[in-house]
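Trainee: what shape does this take:
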Amino acid sequence: MDAFRAAALRCPLPQAIELIGEKWAFLILRGALNGLQHFEEFQAGLGIARNILSNRLARMVEGGILERSPDPEDRRKVVYSLSKKGEGLLPVVLALRQWGEEWGCGSHDIVLADQRDGLPVRKIGVLAADGRELSLHDLMWVDRQGVKLRRPQQR
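Mentor: As a prediction, the model looks like this:
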């Protein structure tokens, strides 16, 4: 148990939540994933107060989620675009959306689809190295040397 506690103190989840685990940050991220780029687009699309939007955009730029650059068509405007780090959050946002759909947290009138064939993307899941889908009861925590620390949920 001591090894698990020590590892939990080094867990990246609290820092990740600090950066992106707030409602407006997630909605800005969703907007960026859907092509919003300008302050005015985010504000109109989200209905967020200007001061809150300005603060969240600055934090997301500082955290490396978004990049800020001058608009090549109008140098007075700024373009916000996803960094590679920001694009890496697509599975997180999609998994949360799919969870909300499954548990009745909103409509699923539209779904994310593969551009090539138009078919909906598969539900995000936890996969083993060999591709098997895993449930919570199939998992355990191990350290980098493979030493078992504990199961996520004891039965």
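Trainee: hey, where'd the strands end up in this structure?
Mentor: 66-70, 78-82, 126-127, 133-134, 141-142, 148-150 (DSSP state E).
Trainee: out of these, which is closest to Gln37?
Mentor: The minimum distance between Gln37 and the strands of the chain falls on strand 78-82, with 4.9 Å, by Cβ to Cβ. The way it works is simple: take the backbone N, C-alpha and C, and place the C-beta from them, glycine included.
Trainee: rounded mean pLDDT for the closest one, please.
Mentor: Strand 78-82 comes out with an average pLDDT of 97.
Trainee: could you tell me which strands sit next to that strand in the sheet, and their orientation?
Mentor: strand 66-70 (antiparallel) (DSSP bridges).
Trainee: where does the protein have low pLDDT?
Mentor: For the chain, the stretches with pLDDT under 70 are 1-4, 7-8, 152-155.
Trainee: which residues in it form helices?
Mentor: 2-9, 13-20, 23-33, 39-46, 50-62, 84-87, 90-102 (DSSP state H).
Trainee: buried deepest among those, which one?
Mentor: helix 23-33 (a mean of 19; mean count of other Cβ atoms under 10 Å).
Trainee: now that one - C-alpha only, CSV.
Mentor: Extracted in CSV, the C-alpha atoms of helix 23-33 (Å, rounded to 0.1, in the frame of the first residue of the first chain):
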residue,chain,number,x,y,z
LYS,A,23,-16.3,23.4,-17.6
TRP,A,24,-15.2,26.4,-19.7
ALA,A,25,-11.8,24.9,-20.6
PHE,A,26,-13.5,21.7,-21.9
LEU,A,27,-16.0,23.7,-23.9
ILE,A,28,-13.2,25.9,-25.4
LEU,A,29,-11.4,22.7,-26.2
ARG,A,30,-14.5,21.2,-27.8
GLY,A,31,-14.9,24.4,-29.8
ALA,A,32,-11.2,24.3,-31.0
LEU,A,33,-11.6,20.6,-31.9
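Trainee: which one of the strands of the chain lies nearest to Leu112?
Mentor: strand 78-82 (15.7 Å).
Trainee: which residues are in contact with the closest one?
Mentor: Defining contact as Cβ atoms under 8 Å, 6 or more residues apart in numbering, one finds that strand 78-82 is touched by 32-33, 36-39, 42, 57, 61, 65-72.
Trainee: no further questions, thank you.
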